[in-house]
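> Everything below, folded, please.
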Amino acid sequence: MLVEDEVIGLKSPEQATTRPAPTGLAADATLHDAVRDLITTYHDLNPTTIDTLDAEPSPLEFMRYVARNRPFIIKNGAADWKARKRWNAAYLKEVMAGQTVNVSLTPHGNADSVVNIPSGGSVFVKPYEKSEDFGMVLDAISAQGLHPTSSNGLPIRYAQTQNDNLRDEYTSLFSDVPPSIPFARVALDQSPDAVNLWLGSSASVTALHKDNYENIYVQILGRKHFVLLPPCDAPCVGEKEVLAATYEPKKSQNAADEDEVADLAIHVDSPPTYVPFATWDPDTPTLNTTPYSQFARPMHVTLDEGDMLYLPALWYHKVSQSCDEEGLCCAVNYWYDLDFGGGFWSTAGFVRGVGLLSMQAPQTESEAVR
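Sure thing, here's the model as predicted:
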């Protein structure tokens with residue numbers, strides 16, 4: 001719009017030329033600097049500890065955490081659940097007697113993880129899956145938890161199908177847990193998309209990854225140890241496309257006995273596909289680093305029996321576990337669909353994308369040391 005009003009104090013037409021808006025960064029700042037500033041500013045403004053509540057939040061209080069995308073723990077939040085009072089090896093075997101379940105088998109307890117191969121490069125390896133009698137699965141998991149050295153050479157078992165299994169193959173146990181978490185159901189205005197049971201031992205570790213769900217994680221037996229990173233740390237985790245593979249028995253595709261599944265090998269999937277996955281492990285922070293890994297501030301959380309964790313959508317998490325006196329670690333989680341409306345999903349995707357693009361661009365020596 002052409003303004004015909006008299007302008008007083010204008011020394012030249014060039015003085016009224018628009019200029020780039022200030023970025024808040026140094027004059028010579030680059031895209032690398034902007035990504036670094038995003039990560040460090042987040043950590044400057046947010047604590048590296050997690051709120052611990054003594055009681056369940058109201059739906060309104062819960063939504064405040066969802067809006068901020070921040071986790072919290074409820075100590076003994078599931079202390080009164082039937083599962084906490086009833087579940088042990090004998091009870092689980094009695095209720096599940098005669099039933100078969102899907103179990104994941106790996107040689108190192110490393111399902112869904114990146115494996116470096118001797119010839120160079122890496123593969124993303126999925127577990128060998130097999131249907132077995134539940135009682136046999138539980139006994140094997142207990143043995144590997146109680147006597148890990150005597151289990152050397154045997155596959156590590158982990159019941160972790162993640163497909164709403166507590167309302168499917170473990171439906172006999174479902175009445176021992178709430179069908180939903182009340183504060184989450186009311187606040188999110190939905191029932192859980194999946195309710196999963198996780199049964200394993202300290203031999204199994206879940207690699208760093210993220211999920212598109214609001215997650216309420218409840219520890220029933222043993223302890224779980226989480227390493228957490230917020231979504232803005234996406235540029236820190238070294239996400240790469242990794243060749244997909246699956247553990248399979250060497251002797252036969254139709255494993256019939258323990259000897260046969262004891263010798264698992266990595267088979268590249270056919271046709272070849274690639275999986276985007278984090279390659280940086282915050283527990284070994286000097287390996288597979290990106291220019292931004294040094295700015296990550298991992299949060300470490302341990303869930304005791306009866307504790308509940310709210311794990312917000314898109315938070316990276318690595319999970320290890322400690323067994324109870326029976327060699328078991330058991331948890332239940334509730335996945336609620338992420339609300340893809342609003343700005344969170346698109347903003348998180350933008351942060352990830354810009355971080356990846358910035359690492360494809362050449363980085364000067366001065367940028368690397370900033």
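> Identify the residue spatially nearest to residue 173, adjacent ones excluded.
residue 95 (5.9 Å; C-beta to C-beta, 6 or more residues apart in numbering). C-beta coordinates here come from the backbone N, C-alpha and C atoms, glycine included.
> you'd agree the one you found is up against residue 172?
Yes - in this structure, residue 95 is within contact of residue 172 by C-beta atoms under 8 Å, at 5.0 Å.
> can you pull out the helices in the stretch 51-200 of the chain?
Ranges of helices in the stretch 51-200 of the chain, per DSSP state H, counting those that start in this stretch, are 59-68, 82-86, 89-95, 134-146, 171-174, 182-188.
> and the angle from the top helix by length along the chain to helix 59-68?
The helix that spans the most residues within the chain, counting by DSSP state H, is helix 344-360. Here helix 344-360 runs at an angle of 20 degrees relative to helix 59-68 (axes from the mean of the first three to the mean of the last three C-alpha atoms, to 10 degrees).
> quick one: contacts of helix 344-360?
Helix 344-360 is contacted by residues 31-32, 34-35, 38, 69, 231-232, 234-235, 239, 290-292, 313-314, 338-339 when judged by C-beta atoms under 8 Å, 6 or more residues apart in numbering.
> Point out where the chain drops to low pLDDT.
1, 3, 149-152, 252-261, 361-370 (pLDDT under 70).
> quick check: longest strand of it.
strand 239-249 (DSSP state E).
> elements contacting it?
strand 122-126, strand 128-133, strand 264-268, strand 274-278 (3 or more C-beta pairs under 8 Å, 6 or more residues apart in numbering; DSSP states H and E).
> circling back to that earlier point, any idea how far the longest helix of the chain is from the chain center?
18 Å (C-alpha atoms, centre = their mean, to the nearest Å).
> Output that helix as CSV, restricted to C-alpha atoms.
Provided in CSV are the C-alpha atoms of helix 344-360 (Å, rounded to 0.1, in the frame of the first residue of the first chain):
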residue,chain,number,x,y,z
PHE,A,344,3.0,-30.5,18.3
TRP,A,345,3.3,-33.3,15.6
SER,A,346,4.2,-31.0,12.8
THR,A,347,6.7,-29.1,15.0
ALA,A,348,8.4,-32.3,16.2
GLY,A,349,8.7,-33.4,12.6
PHE,A,350,10.2,-30.1,11.6
VAL,A,351,12.8,-30.3,14.3
ARG,A,352,13.8,-33.8,13.3
GLY,A,353,13.9,-32.8,9.6
VAL,A,354,15.9,-29.6,10.1
GLY,A,355,18.3,-31.5,12.3
LEU,A,356,18.9,-34.1,9.7
LEU,A,357,19.3,-31.6,6.9
SER,A,358,21.8,-29.6,8.9
MET,A,359,24.0,-32.6,9.2
GLN,A,360,23.9,-33.2,5.5
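> List the buried residues in it.
Buried residues in helix 344-360, counted by 16 or more other C-beta atoms under 10 Å: 344-345, 348, 351-352, 354-356, 358-359.
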